[in-house]
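**Student:** sequence and computational prediction follow.
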Amino acid sequence: MSMQTPKEIGGIQFGLMDPETYRDMSATKVITADTYDDDGYPIDMGLMDPRLGVIDPGLECRTCGQHSGSCNGHFGHIELAAPVIHVGFTKLIRRLLRSTCRDCGRLALTEEEQEEYHEKLRRTKELGEDWSDVMKAAVRQARKAKRCPYCSSPQHDIKHEKPTTYYEVQDVLSGDYSELIAQAMQPDPDDEDDEGMSPQALAEKTGIDLQRINEIMSGSFRPRKEDRKALEKALKIDLTEEDMNKLMPSDIRDWFEDIPDEDLSSLGIDPSRSRPEWMILTVLPVPPVTARPSITLDNGQRSEDDLTHKLVDIIRINQRFMENREAGAPQLIIEDLWELLQYHVTTFIDNEISGTPPARHRSGRPLKTLSQRLKGKEGRFRGSLSGKRVNFSARTVISPDPTLSLNEVGVPERVAREMTQTMNVTERNIEEAQQYVRNGPEGHPGANYVKRPDGRRLKVTEKNCEELAEKVELGWEVNRHLVDGDIVIFNRQPSLHRMSIMAHEVVVMPYKTFRLNTVVCPPYNADFDGDEMNMHALQNEEARAEARVLMRVQEQILSPRFGENIIGAIQDHISGTYLLTHENPHFTETQALDLLRATSVDTLPEPDGEEDGEPYWTGHSIFSELLPDDLSLDFTSSTGDDVKIVDGQLVEGTIDEDAVGAFGGEIVDTITKVYSETRARVFINEIASLAMRAIMHFGFSIGIDDESIPPEANEQVDEAIENAYERIQELISTYEADELESLPGRTVDETLEMKIMQTLGKARDSAGEIADDHFGDDNPAVIMARSGARGSMLNLTQMAGCVGQQAVRGERINRGYEERTLSHYKKNDLSAEAHGFVENSYRGGLTPREFFFHAMGGREGLVDTAVRTSKSGYLQRRLINALSELEAQYDGSVRDTSGTIVQFEFGEDGTSPVKVSSSEDGDVDVESIADRIIESEFDSEEQKERFLGRVEPPTNLSEHAGPGLNKAIGTEVESDD
Amino acid sequence: MVDVSQHNLVPEHTVLDEPERVEEVLEEYNVEKTNLPKIKRKDPALRDTDAEVGDVIEIVRDSRTTDQAVVYRLVVE
């Protein structure tokens, strides 16, 4: 083990294998189709020969002497009675047959042409392009040659009958040549001038002896080629027919052996590695038994692998072939057997060849042969190498827990007991390690296994745990359960961006669900309606360190997609901060302390004033307690007022989605960029806590009555809709009178549709405005819509005012019956209600017809989302595959693995979106960041002077790091999350 | 036919005539010529230039993030 050092792979080259090499590396020749004898022992030179490797535990491999598990198995071989074609190379074989001379084997290109393709090949390889295009071009060129440029023998076209038959197409004299000639000599009955041709005239015209002509016409003499040509010319007929000369694999092999090495290299084939005749199999390698293990069923019967079944078939046919040949069987039978052998070898390699019936199991199930093992999603590459099942992973339902930090995940104790972390016992942790072992596998922070320095692994059981704990010594390894503070990877599928997999710190909890803080829902796109998530326990120190530094949730607050924060307050948090800051309410001392109790703030600032002899604090100053002391910011909130923060004090404005929300909350974004990820994490956690206390202080609920408007408002809405109907009626009458003027680029019909849609859109908007006017500012639905917590004013309009026009494919509903949508309407009715305008509100209730139209629109939406997700999923897969090897280099350029430049400067400006300011006028103030960091790093001016290098901020501090640790670097805020 | 090289969205394409300039570019990015991005000789943007296969083209384009971005292309067939 210690002798093995990691090696770097310089390159990989693929080529064909010489049949001689097969024989050399073969452990045994396989001649019998049987596997085991009556006693259950493998038969020598059979398919389960012990020299091919061992699968039964306890047996020794006859080739390498190792036991099952350590012996990888050894290849054997079958000597094929006749050569057969390898299906994987049929296209290449066809190309070579077409491009080389049938007699001398040379590539049918002149020296100059060969040189040209050589050069082209060199250039494409240099440019890193696909050289097989050059090969195809060379083959196309060579195929045009009627004669070989070297031995000048005529060339024939090659026909390829899939999968493995090749014919040479020759023009030969037709069998009924005499009748054809005689017929051509007869006068044409349709043409009066045609008198036909006498044998004498024919003889004269062709220059062939008259006697010979007679012999030819009687069919007793076959004209030679020149005579045939002359006859064809004289009689204007075609005396030839296509003859298909089947090329047997042995013929092809002989042909390919003649192809010289130099000619192969002009086709891009490396002759030192791959000779084309090796594409015709004379020897078949037999995969080791470890690659096709047989399984023993419950009833003691052995069941063989599909590959073994296929090999049995091959050996049987091979034997029959040999016996028949030796017995001198007729050619027809030999050819049949040859074809059968070809079929079996073909399906052994690939059982999904079109045009060939797949080889089937007795039950009718198609066999899974070599190619099927590798191909596709469940194949070796995509299913076993790129992705595999892993240990130390858990999956369960998720549920929310606002008391956790956003960096944490609640892990059920049952999961924590199953997932382990390896602990190397040293003199510093031996007591701790012993305690883990003593607790056993059942008790919570316990241990499942211990490993002695000699490599023996012992299972910790309830029975032996006490005893084992005493034995634990320095140098042992203890696999202890997950405990609070361990780092794990947490993931929700579909993993569409890098924030779908983040590292969390463990908090072990009772019950059976994973718990997470609601602020991490946006990056995972998670909700709690039954979503499940996966957790992976990391198994080495390097992985744990990387996860902590690079993957922890707080390091992912900024999204590289839009360069702003993706983690922030959501839903009730936003309603909460809105209520707290919108009208700047006053709180008594008790109330203020209650609001801040879940945060790390434990002293109140100076009161803002006195009311009835009691001091009071405003919502603004309570909120300000969470801000960094020197933060100054100006922006417009989504509520619409100007927010002004001066030196960490909220002077005016409402805190809502635009301030603290996920997806670009101004304050969160600024704190992350200007202060630190740690400060932002503290801020988000505390905002969430404060907001929850605030919303609970005020109380917040919504019911159906919150969407109702007074009767007079309803009348106004009805009136607005009635007006719209009238206008539409006017439009329709002008249209019917042929007086409607069409808009540029549209037909009159389209114009009418557009105008009606516009009118109805306006009607709904005015209904919305009317409803809006009658909602109070304290209406919870309005608060949610204004603050951006949930819902929009449009949703409110639809609930209280009017649902509006339903659309399918962006148009009014026009489908259904002939010239009408439903049989309730007259044909060609253009009115609003006949085309899916819903004038009622959701609260008021829809009429049956409106309901039907609404369902039509709704269904389109559902179908669209379903189609979109599947389309975009595949699009993303292709994009990922295309871009996966691009890498930003240290010089700022983006290159692929071959070193080809894709971008000279990453993104043309060489900046990372998460490092730049997200607003145009608010630059990130680097100077003040530097000052602040230096200020906080040093106690005295002298120290500061001495230092003018850089200190990396500790990004990997644990939530559970020791007491007194200042988690928010550069501020005195002390979080206790 | 429209000459796209005159369109205001098509950036300036110039052939790097002097071998030293080409050398400089290759030096700067530490690459072989063949590792540069490619442009076809028949590319409409090269119609006015006398670019030949193997030449290096300098493209100066306006950029939203940096005022001007300079990129290079190798002319291929």
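**Tutor:** Done, it's in. Here the structure is a predicted model, which means the values were calculated and not measured.
**Student:** which residues does the closest residue to chain A within chain B contact?
**Tutor:** For chain B, the nearest residue to chain A under the criterion Cβ to the nearest Cβ is B:Thr65, separated by 3.7 Å. C-betas here are computed from N, CA, C, even on glycine. Taking Cβ atoms under 8 Å, 6 or more residues apart in numbering or on different chains, we find B:Thr65 in contact with A:907-909, A:911.
**Student:** tell me the domain boundaries of chain A?
**Tutor:** Using automatic domain parsing, the domain parsing of chain A gives A:393-553, A:572-698, A:719-863, A:885-922.
**Student:** just say which of those domains is most tucked in.
**Tutor:** Neighbour counts (mean count of other Cβ atoms under 10 Å in any protein chain shown) averaged over each of these peak at domain A:572-698, with a mean of 20.
**Student:** that domain: end-to-end distance?
**Tutor:** 12 Å (Cα to Cα, to the nearest Å).
**Student:** any idea of the mean pLDDT for that domain?
**Tutor:** Average pLDDT, domain A:572-698: 89.
**Student:** over to stretch A:745-764?
**Tutor:** In the prediction, stretch A:745-764 has an average pLDDT of 87.
**Student:** need phi/psi at A:Asp209.
**Tutor:** Phi and psi for A:Asp209, reported as degrees, to the nearest 10, are phi -60, psi 140.
**Student:** could you point out which element follows the host helix or strand of A:Val437?
**Tutor:** Element membership of A:Val437 [criterion: DSSP states H and E] is helix A:430-439. As assigned by DSSP H and E, the chain's next helix or strand after helix A:430-439 is strand A:447-451.
**Student:** what sits up against that next one?
**Tutor:** A:417, A:420, A:433, A:436-437, A:439-441, A:457-460, A:465, A:468, A:472, A:476-481.
**Student:** now with 6 Å, please.
**Tutor:** For strand A:447-451, contacts defined as Cβ atoms under 6 Å, 6 or more residues apart in numbering or on different chains pick out A:420, A:436-437, A:441, A:457-460, A:476-480.
**Student:** which of those lies closest to B:Ala51?
**Tutor:** Of all the contacts of strand A:447-451, B:Ala51 sits closest to A:Thr420, with 64.2 Å by Cβ to Cβ.
**Student:** check contacts around that closest one.
**Tutor:** A:448, A:479.
**Student:** report pLDDT for it.
**Tutor:** For A:Thr420, pLDDT reads 92.
**Student:** beta partners of it?
**Tutor:** A:Thr420 has these beta-bridge partners by DSSP bridges: A:His481.
**Student:** from A:Ala394, how far off is it?
**Tutor:** 12 Å (Cβ to Cβ, to the nearest Å).
**Student:** what are the ranges of the strands in the stretch 351-500 of chain A?
**Tutor:** Taking DSSP state E, counting those that start in this stretch as the test, the strands found in the stretch 351-500 of chain A are A:393-400, A:408-412, A:420-424, A:447-451, A:457-459, A:477-481, A:487-491.
**Student:** can you list the strands that the first one pairs with?
**Tutor:** Strand A:393-400 sits in its sheet next to strand A:514-516 (parallel), strand A:532-537 (antiparallel), going by DSSP bridges.
**Student:** can I get the CA coordinates of the last one in PDB?
**Tutor:** Extracted in PDB, the C-alpha atoms of strand A:532-537 (Å, rounded to 0.1, in the frame of the first residue of the first chain):
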ATOM      1  CA  GLU A 532     -38.300  15.800   1.400                       C
ATOM      2  CA  MET A 533     -34.600  16.600   1.500                       C
ATOM      3  CA  ASN A 534     -31.300  14.700   1.500                       C
ATOM      4  CA  MET A 535     -28.500  15.000   4.000                       C
ATOM      5  CA  HIS A 536     -24.900  13.700   3.600                       C
ATOM      6  CA  ALA A 537     -22.500  13.300   6.400                       C
END
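**Student:** list the contacts of the helix or strand following it.
**Tutor:** As assigned by DSSP H and E, the chain's next helix or strand after strand A:532-537 is helix A:541-546. The contact list for helix A:541-546 (Cβ under 6 Å, 6+ apart) reads A:487, A:538.
**Student:** assign a three-state SS to the residue in the stretch 151-300 of chain A positioned nearest to chain B, would you?
**Tutor:** Going by Cβ to the nearest Cβ, chain B is nearest to A:Gly268 of the stretch 151-300 of chain A, at 17.8 Å. Recorded secondary structure, A:Gly268: coil (DSSP: H, G, I helix; E, B strand; the rest coil).
**Student:** and the longest strand along chain B, which strands flank it?
**Tutor:** Scanning chain B for the longest strand, with DSSP state E as the assignment, gives strand B:68-76. Applying DSSP bridges to the sheet, strand B:68-76 is found paired with strand B:38-40 (parallel), strand B:56-62 (antiparallel).
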